[in-house]
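Trainee: After the sequence you'll find the predicted model.
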Amino acid sequence: MDQDQLKSVIEKAPKTLQLGQLESQVIALALENKGFFLKLLGFLQPTHFDTPDYSQIWGWMTSFYNSAHVLPTRAIVEHACSQSDWHFSIPPVNIRESEYVGQEVFRVVRRQQLEQFLIRLIMLTRENDPELDEAYAEFSKIRNMRYENLQDWLNYFDVDTRYARLQHFWDSRLSTGFPTLDLMLPGNGLGPKEMVAIMGPPGAGKTLWLINIAARIMLRGQQVLHLTREVSEDIVGLRYDCAILNGSATELLGDTPATIDRLKTLRRNFGFDSENPLWIREYPTGTAKISRRRPTISF
């Protein structure tokens, strides 16, 4: 094979991964599973996608994460798609398939990089090119690729990353609604990755306080799961209506058509048409089981 033939082989070599339907699964699973996204972040590039819109979306998602240090929600991605005229309908996914999809993508990426490296190495060898040492270093890097989520580990002395993340956590904190209580909390509020237990005697207002906090979280574009073992899911839903619409139950039920219209308007304005941000599930005593599936009701 002469030099021209080698160059022709390189030019015709596939530049994308040719994953077919797995492309949409990659994006959908990444939105559902942060660990899956972080595993792919280190080696999957926008240029690996065959579909131009998927390539643009993956590039936008990685840029969003690198800037904000959090994954965008489905609602945010769909809003970005509508603003940029990207055509992508997020398919339903099975989280249990993430390991298979991730391993398959990793396998194809690694194979493609090895193929491209070997072609380049042949050319360098035939030319007696002095860059062979650099080529060996490149080969070592490919050989040592691992499908591991190293980004889940926090390097203490990577202070730039640590403080960028800390700043984001500080800026993302949510007020409890009680200034005195906020002053006693780190960053003056509640933050991501924190578990909070609210304790108090019956009738103290624990549930109503939690509903008001959850409603504000939802309106910030994040998802909320509300499990209740005491109050029916219908009453819990009505309490959310009161918190969001700033009205009493008597007022909202007194003009049901207007209340429904206001909630539908809220849904459109916040981009909740395709992804439900709030799930409510009632578990009477003794009925909660891990086999319960996600409900199919919508907001």
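Mentor: Received, thanks.
Trainee: Now for Arg216: which residues touch it?
Mentor: With contact taken as C-beta atoms under 8 Å, 6 or more residues apart in numbering, Arg216 is in contact with Leu174. (Each C-beta comes from the backbone N, C-alpha and C, glycine too.)
Trainee: Which of the three states applies to it?
Mentor: Classification of Arg216 by DSSP: H, G, I helix; E, B strand; the rest coil places it in helix.
Trainee: Roughly how far does it sit from Ile244?
Mentor: As defined by C-beta to C-beta, to the nearest Å, Arg216 lies at a distance of 9 Å from Ile244.
Trainee: any idea which helix or strand comes after the helix or strand bottoming out on mean pLDDT in the chain?
Mentor: The weakest-scoring helix or strand in the chain, judged by mean pLDDT, DSSP states H and E, is helix 3-12 (a mean of 60). For helix 3-12, the following helix or strand on the C-terminal side (DSSP states H and E) is helix 22-32.
Trainee: Helix or strand: which one has the closest residue to Val70 other than its chain neighbours?
Mentor: Spatial nearest neighbour of Val70, chain neighbours left out: His168 (7.0 Å); criterion: C-beta to C-beta, 6 or more residues apart in numbering. Following DSSP H and E, one finds His168 within helix 159-171.
Trainee: what's that helix in contact with?
Mentor: Ala68, His69, Val70, Leu154, Asn155, Tyr156, Gly187, Gly191, Pro192, Lys193.
Trainee: and after that helix, which helix or strand comes next?
Mentor: Later in the chain than helix 159-171, the nearest helix or strand by DSSP H and E is helix 179-183.
Trainee: Which elements pack onto that following helix?
Mentor: For helix 179-183, there is no helix or strand it packs on, judged by 3 or more C-beta pairs under 8 Å, 6 or more residues apart in numbering; DSSP states H and E.
Trainee: Can you report how many residues neighbour Gly20?
Mentor: Using other C-beta atoms under 10 Å, Gly20 has 10 neighbouring residues.
Trainee: now the residue lying closest to it once chain neighbours are set aside: how far from Leu31?
Mentor: If the residues on either side of it in the chain are set aside, Gly20 comes closest to Asp50, at 7.8 Å by C-beta to C-beta, 6+ apart. Remark: distance between Asp50 and Leu31 (C-beta to C-beta) = 20 Å.
Trainee: Equivalent analysis for Phe88, please.
Mentor: Applying C-beta to C-beta, the value for Phe88 to Leu31 is 11 Å.
Trainee: For the two, indicate the residue with more neighbours.
Mentor: More crowded of Phe88 and Leu31, by other C-beta under 10 Å: Leu31, with 21 against 18.
Trainee: helix or strand for the residue nearest to Gly20, which one?
Mentor: Per DSSP H and E, there is no helix or strand for Asp50.
Trainee: Could I get the pLDDT score of it?
Mentor: On pLDDT, Asp50 comes in at 85.
Trainee: That one and Gln21: what is the separation?
Mentor: In this view, Asp50 and Gln21 are 11 Å apart by C-beta to C-beta.
Trainee: All good on my end, thank you.
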